[in-house]
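need a 3D model of the following:
(one chain, ligands or ions: 1)
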Amino acid sequence: MTAPESRDHNVVTVAPQNPSASAYDVRIGTGILANLGPDVCAVVKRCRRNQPAFLIVDDTLPDEIISTATLSLEAAGFAVTSADITASEKNKTLESATRLLQQLASTRAERTDPVIALGGGMVGDLGGFVAATYKRGVPIIQCPTTLLAMVDASVGGKTAVNLKTETGLKKNIVGSFWQPALVLADIAALSSLPVRTLRSGLAECLKHGLLCATFDIENDLFGWLCAQLRAVFDQNRTAMQELVTRNVRVKATVVRTDPHELDPAGGRALLNLGHTFGHAIEPLVDISPTVNPDDAPVQHGEAVALGVVAAAYTSVALGTMHADHAEAIRVAFAKAKLPTRVNGLPSDDALLETMAHDKKMSGGTLRLIVLDAPNATDELGRCCVVNDPPREAVVAGFDAIRGA
Ligand code: GLY
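Here you go, the predicted model:
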């Protein structure tokens, strides 16, 4: 994080349609974490000297990122208490939330005192949950450090923890909508990411490109990203800033129109393109996205890539998309070095059973997001919801991603 703070960053304002909900800014630029303190001051009520600020950090982050955030908050007059968490699904629990809430309570934080989540999507979801529930809600500032968290998890106010139940671990089943007061996406943090984690984020970016025309967003994200992949893998900062900005614009538009995912025509749920298939793959801990078994399990973004390819071929089987587009989608994900086929998938029945338990089941029927481009000349970028698709169409999706 040695990059100097640059004020020529981009700002996307998320302005909910509901006038009683507050708008917030997503700031995107290199080195902007160095201005965290003043930026937090600008969005929280300053009510006392040494105002507590509770900083939840992913303990695998480079020290430099953590100290940049801490020093900036302290220089702005906050009394910072840091709490570490190791980012993993198994720590995304009510027990972790309880520990953090106890630490927060010991700072005597009041309703106006900020919680800051510094890390990837797990830290953002857990930190958001803590902020949403402490004293019925304190300000949460999201500082995402992974591409996936920058373009998706940090925007739109979803907070969550997993819950162990008699029938297994239910992911993200406990939580609430709690909108951030501010999001700071510092592009410099991305350079410390393992390349596999970066690629996982790209899966969500390509997915955004496949749905943005549905919301009349004209930014040709899919085509632009396919053309920029080399610059992205080279971590060109201008390209990365543009990548995050274009994606945040998509996410901001979607969550503005349907903040609580209630639109029966799709709305925010369209962001789940590829996820229902992906959720059938993610629990299969022995499945590797590569020929190397040591790469098991499949990461979330890799499962989304496989899921989007499967959804594309299901769309072909349903007649909502031309086969040429499905192949183009597969090629694009492969160019982003994401898996588009996987070995060792269980039977169709077993996969359908897992999908049937997915939380996107609505009224007991499977609800799939499919792509909408029936002619070879149609532009990509539209999708829609299909309720209770025929089994053969879903199986065509599985067949398309089964390895040799
Ligand atoms: N990650 C999907 C959503 O925010 O709705």
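
A helix includes residue 19, no?
No: using DSSP: H, G, I helix; E, B strand; the rest coil, the assignment for residue 19 is coil, not a helix.

buried residues, stretch 56-66. List them.
For stretch 56-66, the neighbour count (16 or more other C-beta atoms under 10 Å) marks 56-58, 61, 65-66 as buried. C-beta coordinates here come from the backbone N, C-alpha and C atoms, glycine included.

lowest-scoring secondary structure element of the chain by mean pLDDT?
One helix or strand of the chain scores below all others by mean pLDDT, DSSP states H and E: strand 168-174, with a mean of 89.

which other helices and strands contact that strand?
Where contact means 3 or more C-beta pairs under 8 Å, 6 or more residues apart in numbering; DSSP states H and E, strand 168-174 is packed against strand 161-165.

returning to what we had before: right, is the least confident helix or strand of the chain up against the ligand?
No: for strand 168-174, no contact with the ligand is found by C-beta under 6 Å from any ligand atom; the gap never falls below 9.4 Å.

what's the following helix or strand past that strand packed up against?
Moving toward the C-terminus from strand 168-174, the next helix or strand (DSSP states H and E) is strand 182-186. Applying 3+ C-beta pairs under 8 Å, 6+ apart, we find strand 182-186 packed against strand 24-29, helix 36-43, strand 140-144.

OK, contacts around the residue of the stretch 251-400 of the chain found nearest the ligand?
The nearest approach of the stretch 251-400 of the chain to the ligand comes at residue 271, 4.1 Å away (C-beta to the nearest ligand atom). By C-beta atoms under 8 Å, 6 or more residues apart in numbering, the residues touching residue 271 are 152, 207-208, 211, 251, 254.

which positions in the least confident helix or strand of the chain come out as buried?
Using 16+ other C-beta under 10 Å as the test for burial, strand 168-174 gives 171-172, 174.

could you do stretch 266-284 as well?
Neighbour-count burial for stretch 266-284 flags 266-282, 284 (criterion: 16+ other C-beta under 10 Å).

most neighbours per residue, which of the helices and strands packed on strand 182-186?
strand 140-144 (a mean of 30; mean count of other C-beta atoms under 10 Å).

that one pairs with which strands, parallel or anti?
Taking DSSP bridges as the criterion, strand 140-144 pairs within the sheet with strand 115-119 (parallel), strand 182-186 (parallel).

tilt between the lengthiest helix in the chain and strand 24-29?
Counting residues, the longest helix found in the chain (DSSP state H) is helix 237-257. Orientation check (axes from the mean of the first three to the mean of the last three C-alpha atoms, to 10 degrees): helix 237-257 against strand 24-29 gives 170 degrees.

how about helix 237-257 against the ligand, any contact?
No: contact of helix 237-257 with the ligand (C-beta under 6 Å from any ligand atom) is absent, the minimum separation being 6.7 Å.
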